[in-house]
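A.B. asks: what shape does this take:
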Amino acid sequence: MKSRKVRVAVATVICAYAAQVGLHMSEQVLVTIMACGVALIVGIAHEDHGRRDIRAPPRDETATTPL
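C.D. replies: Got it, this is the predicted structure:
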């Protein structure tokens with residue numbers, strides 16, 4: 001469980017399961033927690049993609065454009 005995305009997903013699923021088995025919380029709180037979990041996972045994926053793009057060599061668009 002070194003991945004931040006996996007940790008956020010597990011925490012989100014645990015929260016949803018706890019609400020289902022008897023932890024009393026409103027539907028609005030549950031939806032908020034789920035939405036925050038999804039937003040965090042998407043944000044981390046976006047950050048990881050940006051980190052990968054920095055390591056890629058720069059492309060010269062003019063050299064690859066056909067005339």
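A.B. asks: need the residue closest to the centroid of this protein.
C.D. replies: Residue closest to the mean C-alpha point of the chain, counted by Cα atoms, centre = their mean, is Ile41 at 1.2 Å.
A.B. asks: please name the nearest non-neighbouring residue to Ala45.
C.D. replies: In this structure, Ala45 finds its nearest non-sequential neighbour in Lys5, 6.7 Å apart by Cβ to Cβ, 6 or more residues apart in numbering. To be clear about C-beta, it is placed using only N, CA and C from the backbone, and glycine gets the same treatment.
A.B. asks: surely the one you found is in contact with His46?
C.D. replies: No. Using Cβ atoms under 8 Å, Lys5 is not in contact with His46; the gap is 11.1 Å.
A.B. asks: all helices for the protein, in order.
C.D. replies: Assigned by DSSP state H, the chain shows helices spanning 4-21, 27-55, 61-64.
A.B. asks: in terms of neighbours, single out the busier of Lys5 and His46.
C.D. replies: Taking neighbours as other Cβ atoms under 10 Å, Lys5 and His46 compare with Lys5 leading, 14 against 10.
A.B. asks: so where's the protein shaky on pLDDT?
C.D. replies: Counting by pLDDT under 70, the chain contains low-confidence ranges at 1, 52-67.
A.B. asks: about what we covered before: list the contacts for the residue nearest to the centre of the chain?
C.D. replies: For Ile41, the contacting residues are Lys5, Val8, Ala9, by Cβ atoms under 8 Å, 6 or more residues apart in numbering.
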